[in-house]
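Student: coordinates only, sequence not included:
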């Protein structure tokens, strides 16, 4: 899932300086799981802002709505009319959600980001999330025992480890595990150490053309047959 | 406002009553199944409604009936203190205490301690008739 982190409160408050009627728009998917932008977090931020504005005697109002996903048009459309009532919308979705909501609203309302989107990750333990994928578009996990060298190696080496690892730790940061030692340990467990003997060529970093677009094969544009038109004649 | 675990602080409050211990009557006790149930939103809402101070009371560390509920409460209290600081309210208005069901005296002392602390800080600026906040 996409992992994000709430921006510092002062930064959020500064962003809202010019607006009086504010809506905190939560997103009930990835950012709800990573406790950054779900219904509960939207409620907390709203309460915090309401209290701060009351202390400032600024007369600003803050309300909140949370939709299931801000990266799906249908969920935004459901609340589109309501969103029109506010001066500004503080979206606490990931960067995708903020941009897509802004796209659907098409310049009718200003969208402000409440989160900093950080990485694609997994839940290591309650309250802790770890990065596991860089979305490189050219997966090699079959060759590395399910440990990604692009993400887990600080240098994204395709043939590691480098000479900088010490007792399984990375030279970039000694608290960080060496990705290639993790790969070695995993392959050893799987009894597939021979996979390390094959040299991997340069990685295709052009596999994803940014900004990329994917159209599912079942949704490829088709040529419309003109037979129907002929029949009508 | 106090959020009390039913296995310890809530029973301690009961005991304080049975022992006829005197403590300030300005505390409102909310019973929880475990102090770990307390959430930052509960705490913030209490302050938003104008309560001058909030404390959460759970079992002694290592003695939670749900193993780590009281430690979890401690984490949320610490986080909520940061949230209060962000908006310009004194984090000292919020505190976490640990006690057992046999500590009726400790409960009375806790209420007294919190009351004294809040008296020094003055009424919450979010309460009607509260002091004016000086912006930092």
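Tutor: Arrived safely. Since we're looking at a predicted model, the values are computed, not measured.
Student: Please report the residue range of the longest strand in chain A.
Tutor: strand A:115-125 (DSSP state E).
Student: Tell me if that strand is near chain B.
Tutor: No - using C-beta under 8 Å from any C-beta of the partner chain, we find that strand A:115-125 stays clear of chain B, coming within 12.3 Å at best. Heads up, the C-betas are built off the backbone N, CA and C, glycines and all.
Student: List the pairing partners of that strand within its sheet, with orientation.
Tutor: Here strand A:115-125 is paired, per DSSP bridges, with strand A:2-6 (antiparallel), strand A:128-133 (antiparallel).
Student: what's downstream of the shortest one, the next helix or strand?
Tutor: Right, strand A:2-6. With elements assigned by DSSP states H and E, the helix or strand that comes after strand A:2-6 is helix A:9-15.
Student: and that next one, how far from the chain's centre?
Tutor: 21 Å (C-alpha atoms, centre = their mean, to the nearest Å).
Student: Around chain A, which positions in chain B sit nearby?
Tutor: Contact residues (C-beta under 8 Å from any C-beta) of chain B with chain A: B:39-41, B:44-45, B:47-48, B:83, B:86-89, B:125-126, B:133, B:135.
Student: Check which residues of the longest strand of chain A are buried.
Tutor: A:115, A:117-121 (16 or more other C-beta atoms under 10 Å in any protein chain shown).
Student: what's in contact with that strand?
Tutor: Strand A:115-125 is contacted from outside by A:1-7, A:31, A:33-34, A:36-37, A:92-96, A:129-135, using C-beta atoms under 8 Å, 6 or more residues apart in numbering or on different chains.
Student: what do you get for stretch A:136-152?
Tutor: Residues outside stretch A:136-152 that contact it (C-beta under 8 Å, 6+ apart): A:131-134, A:156-158, A:160, A:177, A:179-180, A:182-183, A:186-187, A:189-190, A:192, A:195, A:198, A:200, A:203-205, A:207-208, A:212.
Student: now what about the longest helix seen in chain A, what contacts it?
Tutor: Scanning chain A for the longest helix, with DSSP state H as the assignment, gives helix A:39-56. Helix A:39-56 is contacted by residues A:6, A:9, A:12-13, A:16, A:22, A:24-26, A:28, A:31-32, A:35, A:59-66, A:90, A:92, A:114, B:39-41, B:44-45, B:47-48, B:83, B:86-89, B:125-126, B:133, B:135 when judged by C-beta under 8 Å, 6+ apart.
Student: Just the ones of the residues you listed in strands?
Tutor: Judged by DSSP E, the subset of these located in strands is A:6, A:22, A:24-26, A:61-66, A:90.
Student: Where does pLDDT dip in the chain?
Tutor: Because you didn't say which chain, this covers chain A. For chain A, the stretches with pLDDT under 70 are A:227-233.
Student: The intended chain is chain B.
Tutor: For chain B (pLDDT under 70), the answer is B:129-136.
Student: Pull up the gap between the residue nearest to the spatial centre of chain B and chain A, please.
Tutor: Per C-alpha atoms, centre = their mean, the C-alpha nearest to the average position across chain B is that of residue B:55, at 0.7 Å. For residue B:55, the distance to chain A equals 19 Å [C-beta to the nearest C-beta, to the nearest Å].
Student: How many residues are close by residue 38?
Tutor: All of this refers to chain A. Counted with other C-beta atoms under 10 Å in any protein chain shown, the neighbours of residue A:38 add up to 21.
Student: wrong one, I was asking about chain B
Tutor: The local packing of residue B:38 (other C-beta under 10 Å) involves 26 other residues.
Student: For the nearest residue to residue A:73 once chain neighbours are set aside, give its distance to residue A:152.
Tutor: Leaving aside its chain neighbours, residue A:73 sits nearest to residue A:104 (5.9 Å; criterion: C-beta to C-beta, 6 or more residues apart in numbering or on different chains). Distance, residue A:104 to residue A:152, by C-beta to C-beta, to the nearest Å: 36 Å.
Student: List the contacts of residue A:78.
Tutor: Contacts of residue A:78 (C-beta under 8 Å, 6+ apart): residue A:67.
Student: and it, helix, strand or coil?
Tutor: helix (DSSP: H, G, I helix; E, B strand; the rest coil).
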